[in-house]
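Q: quick check, what structure comes out for this input:
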Amino acid sequence: MALDEDTEQESASQKKKPPTDDEKRKSKIVPGSLMKALMRPGGGDSRPSDGDQVVYHCTIRTLDGVVVESSRFENGGKSTPIRIVLGKSKMILGLLEGIPTMLKGEVAMFKMKPQLHYGEDDCPVSASDNFPKDDELHFEIEMIDFFKAKVVSDDLGVLKKVINEGQGWESPREPYEVKAWISAKTGNGKLILSHTEGEPHFFTFGKSEVPKGLEMGIGTMTRGEKAIIFVTSQYLTPSPLIPVIEGFEEVHFEVELVHFIQVRDMLGDGRLIKRRIRDGKGEFPMDCPLHDSLLRVHYKGMLLNEEKRVFYDTRVDNNGQPLEFSSGEGLVPEGFEMSVRLMLPGEIALVTCPPDYAYDKFPRPANVPEAAHIEWEIELLGFEMPKDWTGLNFKSIMDEAEKIRHTGNRLFKEGKFELAKAKYDKVLREFNHVNPQDDDEGKEFANTRNLLHLNVAACQLKLGECRKSIETCNKVLDANRAHVKALYRRGMAYMEAGDFEEARADFKMMMKSDKSSEAEATAALLKLQQKEQEVERKARKQFKGLFDKKPGEIAEVGDREEDHNTGEKQNNIDKGDSDAENSDESHEDAVDAHQMGWFSHFWPTGRRLFSGLGLQRCTIL
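A: Below is the predicted model:
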């Protein structure tokens with residue numbers, strides 16, 4: 001039992017956190033080095049703790065009463081109280097220990113030895129050159145206030161005190177449009193701005209229309225929140241709100257965030273902008289439409305010109321009926337769908353859209369000119385979530401899968417490969433939870449899943465993702481190495497990736513596995529040969545003259561024109577390559593391969609390249 005207790009104590013000591021820098025400093029305090037005398041009692045029973053912003057006046061005197069330094073006006077100061085954040089601000093050791101002992105409104109005198117103020121070794125706070133660091137001093141402290149503070153900037157140049165909590169979780173950010181009541185005072189309480197009547201102050205976040213520190217603080221607020229934002233001079237940038245900021249060491253902004261309009265730069269380049277002009281119901285983005293939802297919207301389409309001519313309005317041109325469409329099926333312009341997907345039910349948004357995300361890549365209404373910039377006013381009435389497959393029998397699941405696959409096929413034919421791939425991927429994800437009950441269901445399920453994988457591979461190939469396409473085909477070939485369609489698709493992906501030998505092997509395997517695919521495989525091999533010849537022609541052009549220089553000279557690629565004899569020789573090389581297509585490798589080729597050595601290992605296609613250049617005997621030194 002005693003052994004168990006020892007083990008627990010040892011474990012507890014291991015879990016104990018190492019002392020902080022402040023705790024190490026406090027351990028240097030010896031009896032008699034710091035004395036406190038109460039001059040005026042404070043109120044309440046709470047005292048400052050780590051994370052609190054502490055506001056106090058400080059006057060430093062010698063033991064015979066001479067003022068060395070003060071924040072008070074009557075003692076030569078600027079009448080601006082000192083503000084620090086306990087646990088974060090740099091402080092002299094005596095105040096680090098003494099301030100947490102004070103109550104609000106209390107006035108106390110701290111008598112400190114030099115090692116407790118600026119005479120401390122490695123003191124984190126600097127003092128002026130003529131400061132009496134080696135003297136014992138009196139620090140008179142008046143505790144004005146303390147409260148929990150939100151640290152906005154790491155250097156403590158911007159802090160926030162919450163007066164009234166706001167609603168929701170969303171805070172304004174660039175390029176949101178903000179409305180707020182704002183007033184401002186200097187650090188010593190002088191009013192310099194009062195915007196609390198008429199209309200709230202309006203500004204666009206991120207456009208330097210208010211001082212930088214104020215904007216940073218507002219960026220931490222929620223709708224309806226009221227707070228005081230403390231901003232020091234380095235964050236008081238000039239702005240239309242306060243054009244002149246010289247002479248202010250710090251400003252206290254009292255802010256009530258009335259409202260902000262969510263503005264989203266959908267593409268990040270300022271071309272497709274969504275502005276929320278009426279809030280919807282629910283929490284963003286959790287209550288926005290999912291992929292494959294059925295959406296109901298009213299919208300008004302306008303040309304983005306001086307007249308803003310309306311070219312379509314569902315309330316007028318659709319007998320007052322809303323537009324219904326399923327997301328992810330390419331049934332509306334891309335910019336329209338991207339914006340609606342980020343709306344809440346009941347929300348109204350104004351969307352400005354460039355031509356390439358409006359009607360340049362979508363059937364254009366007759367009254368919309370080519371290359372037109374569009375503005376849509378959209379109201380999301382509501383949406384229905386995609387159908388849940390839970391509880392469906394196998395036949396119903398396969399019917400749903402077939403519908404989605406056909407939609408994907410339509411999108412593929414329309415060149416919307418990302419959308420098509422998303423449809424196939426959705427079914428494959430759902431298939432992870434499907435369990436066939438007999439052999440017939442298992443066979444149907446496997447065939448459909450293979451078909452979906454191959455459709456995904458086709459999309460990846462169209463999107464230039466050759467390696468991913470190969471990996472997807474392997475999912476089919478791992479189960480059936482002779483799957484003709486998978487071999488063909490992987491062969492095409494290998495060919496696009498430049499892996500010609502692997503592609504040739506797949507096309508030949510096609511013919512071996514299924515004689516009926518011979519015509520398709522032969523056509524693929526012909527295309528492969530043309531691709532190889534094209535690559536070799538480009539390589540010959542790139543490396544032309546590279547090996548024609550004498551030893552010691554640097555050959556420049558393509559530095560001179562090929563003469564007639566070289567062209568004749570190249571034609572012979574082309575014929576030789578063509579004839580060798582169906583012949584076995586000679587002993588000479590084997591010697592050449594040995595001479596290539598390690599170079600071929602690291603650059604497998606290098607041998608074919610040099611062979612195409614007629615340099616089979618070239619040894620890499």
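Q: correct me, but H138 touches C58?
A: No - if you go by CB atoms under 8 Å, H138 and C58 don't touch, sitting 10.8 Å apart. In short, each C-beta sits where N, CA and C put it, glycine included.
Q: need the three-state assignment for D145.
A: Look at D145: counting by DSSP: H, G, I helix; E, B strand; the rest coil, its state is strand.
Q: ignore what I typed, I meant T390.
A: coil.
Q: okay, now the domains of this structure?
A: Using the TED database, the domains assigned to the chain come out as 26-147, 152-259, 266-384, 394-532.
Q: in the protein, which helix or strand is least confident?
A: Of all helical and strand segments in the chain, the minimum by mean pLDDT, DSSP states H and E falls on helix 587-596, at a mean of 35.
Q: tell me which helix or strand R364 sits in.
A: Of the helices and strands defined by DSSP states H and E, none includes R364.
Q: for L159, helix, strand, or coil?
A: strand.
Q: an error on my part: the question was meant for L96.
A: helix.
Q: now it, nearest residue through space, not along the chain?
A: In this structure, L96 finds its nearest non-sequential neighbour in D22, 6.1 Å apart by CB to CB, 6 or more residues apart in numbering.
Q: got the phi/psi numbers for the residue most central in space within the chain?
A: The chain has G268 as the residue nearest its centroid, 11.4 Å off, counting by CA atoms, centre = their mean. Backbone torsions of G268, given as degrees, to the nearest 10, read phi 80, psi 10.
Q: output the contacting helices and strands for the helix or strand where I163 lies.
A: When elements are assigned from DSSP H and E, I163 belongs to strand 158-164. Counting contacts by 3 or more CB pairs under 8 Å, 6 or more residues apart in numbering; DSSP states H and E, strand 158-164 is packed against strand 137-148, strand 150-151, helix 212-218, strand 226-232.
Q: pLDDT of the shortest one, averaged?
A: Pointing back at strand 150-151 there. For strand 150-151, mean pLDDT rounds to 94.
Q: measure stretch 251-271 end to end?
A: 37 Å (CA to CA, to the nearest Å).
Q: my bad, should have said stretch 201-211
A: One end of stretch 201-211 sits 13 Å from the other (CA to CA).
Q: give me the buried positions along that stretch.
A: For stretch 201-211, burial by neighbour count (16 or more other CB atoms under 10 Å) applies to H201, F203, T204, F205, V210, P211.
Q: just checking: what are the partner strands of the helix or strand hosting the second one?
A: Assigned by DSSP H and E, F203 belongs to strand 201-204. Paired neighbours of strand 201-204 in the sheet (DSSP bridges): strand 177-186 (antiparallel).
Q: need the residues that contact the partner strand.
A: 80, 172, 191-196, 199-205, 210, 214, 218, 241-242, 248, 250-261, 263, 275 (CB atoms under 8 Å, 6 or more residues apart in numbering).
Q: need phi/psi at W169.
A: Torsion angles, degrees, to the nearest 10, at W169: phi -120, psi -20.
Q: list the contacts of the nearest residue to it once chain neighbours are set aside.
A: Take W169 and drop its neighbours on the chain: the residue closest to it by CB to CB, 6+ apart is T222, 6.6 Å away. T222 is in contact with E165, G166, Q167, G168, W169, E170, S171, L257, counting by CB under 8 Å, 6+ apart.
Q: closest one of these to A358?
A: Proximity of the contacts of T222 to A358 (CB to CB) peaks at E170, which lies at 27.9 Å.
Q: I'd say that closest one and Q262 touch.
A: Yes - proximity of E170 to Q262 meets the contact threshold set by CB under 8 Å, at 7.4 Å.
Q: mind listing the shared neighbours of the two?
A: Contacts common to E170 and Q262, judged by CB under 8 Å, 6+ apart, are F284.
Q: between the two, which has more neighbouring residues?
A: Per other CB atoms under 10 Å, whichever of E170 and Q262 has more neighbours is Q262, with 21 against 15.
Q: now that one, nearest residue through space, not along the chain?
A: Using CB to CB, 6+ apart, the nearest residue to Q262 is R276, at 4.0 Å.
Q: tally up the residues packed near the one you found, please.
A: 21.
Q: how about G498?
A: If we define neighbours as other CB under 10 Å, then G498 has 13 of them.
Q: same check, this time on the one 10 residues further on
A: Counted by other CB under 10 Å, the residues lying close to K508 total 15.
Q: assign a three-state SS to S46, would you?
A: coil.
Q: just to revisit the earlier point, what is the mean pLDDT for the helix or strand hosting the residue nearest to Q262?
A: According to DSSP H and E, R276 maps onto strand 273-278. Averaging pLDDT along strand 273-278 yields 94.
Q: ok so, going back, widest-spaced pair of the buried residues of stretch 201-211?
A: The span of the buried residues of stretch 201-211, defined through CB to CB, is set by T204 and P211 at 14.5 Å.
Q: that older thread, gap between the residue nearest to the centre of the chain and E174?
A: According to CB to CB, to the nearest Å, G268 stands 11 Å off from E174.
Q: what's the answer for F253, then?
A: 19 Å.
Q: of those two, who's got more company?
A: Taking other CB under 10 Å, F253 and E174 do not tie; F253 has more neighbours (25 against 12).
Q: for the more buried one, give its distance to H57.
A: For F253, the distance to H57 - CB to CB - is 22 Å.
Q: S71 too?
A: For S71, the distance to H57 - CB to CB - is 5 Å.
Q: run through who's touching stretch 506-516.
A: Against stretch 506-516 from outside (CB under 8 Å, 6+ apart): 482, 484, 487-488, 490-491, 494, 517-518, 520-522, 524-525, 528.
Q: now, the contacts of strand 177-186 that are in strands?
A: For the contacts of strand 177-186, the ones inside strands are 191-195, 201-204, 250-261, 263, 275, with DSSP state E as the criterion.
Q: okay, buried residues for stretch 27-41 please.
A: I29, S33, L34, M35, K36.
Q: report the lowest-confidence entry in these.
A: I29 (92).
Q: touching, it and G98? I think so.
A: No - with contacts counted by CB under 8 Å, I29 stays clear of G98, the gap being 10.3 Å.
Q: show me the contacts for V158.
A: V158 neighbours (CB under 8 Å, 6+ apart): V152, G213, M216, G217, I229, F230, V231, T232, Y235.
Q: tell me the bridge partners for it.
A: V231.
Q: for A539, helix, strand, or coil?
A: Classification of A539 using three-state DSSP returns helix.
Q: quick one: it from E370, how far?
A: A539 is 42 Å from E370, by CB to CB.
Q: comparing these two, which shows the higher neighbour count?
A: A539 (16 against 8).
Q: which residues does G198 contact?
A: Applying CB under 8 Å, 6+ apart, no residues contact G198.
Q: now it: how far from E177?
A: From G198 to E177 the distance is 18 Å (CB to CB).
Q: compute the first-to-last residue distance for stretch 279-298.
A: 16 Å.
Q: my bad, should have said stretch 72-87
A: OK, stretch 72-87 end separation, CA to CA: 25 Å.
Q: what sits up against that stretch?
A: With CB under 8 Å, 6+ apart, stretch 72-87 has contacts from 22, 48-59, 67, 69-71, 91, 99-100, 144, 149, 151, 156, 159, 186-188, 230, 249-250.
Q: with that, I have no additional questions.
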